[in-house]
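[1] Just need the structure, nothing else, for what follows:
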Amino acid sequence: MFRTFYIFLIIALFSFSSCKNREDKELAEWVGKGALVVDVRTPNEYEKRHFPGAVNIPIDSLPLRVDELGSKDKQIILYCQSGGRSLRAKTFLEEEGFSQVKDAGRIDRLFSVVSE
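    Here you go, the predicted model:
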């Protein structure tokens, strides 16, 4: 019984790892192709450290500034400090009809994905 459980657990972990690697690769490709990178943190957080070329549109301002993003089929990558705000932003943009939105989650993840 436990052996079967461990086998399924190992398979699940490898599957999750494979999905993450694929997502990371896609993020790096999008950055390389010039996707719009949006930092949804506060201006203070943005000033302290941000991804090169990222625009700062805080999550609370996003509904008022959504037109700044341009075409709804433009590739957009979102990030924040821990992943919560960028996920909320992704959900909002998809509800607004944006079709190519990726949530990088944490700022550190975006830096590590691009540096690989």
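[2] Can you give me the end-to-end span of stretch 90-104?
    End-to-end distance for stretch 90-104, by C-alpha to C-alpha, to the nearest Å: 10 Å.
[3] How about stretch 97-107?
    Chord length of stretch 97-107, first to last residue, is 25 Å (C-alpha to C-alpha).
[4] What count of nearby residues applies to S82?
    If you count neighbours by other C-beta atoms under 10 Å, S82 ends up with 12. Every C-beta, even on glycine, is put in place using the N, C-alpha and C of the backbone.
[5] Likewise for N56?
    Using other C-beta under 10 Å, N56 is surrounded by 15 other residues.
[6] Next up, the contacts around it.
    When contacts are counted by C-beta atoms under 8 Å, 6 or more residues apart in numbering, N56 touches 38-39, 41, 43, 46, 50.
[7] what do you get if the cut-off is 6 Å, keeping everything else the same?
    By C-beta atoms under 6 Å, 6 or more residues apart in numbering, N56 lies in contact with 39, 46.
[8] Test for you: state the pLDDT assigned to it.
    Looking at N56, its pLDDT reads 99.
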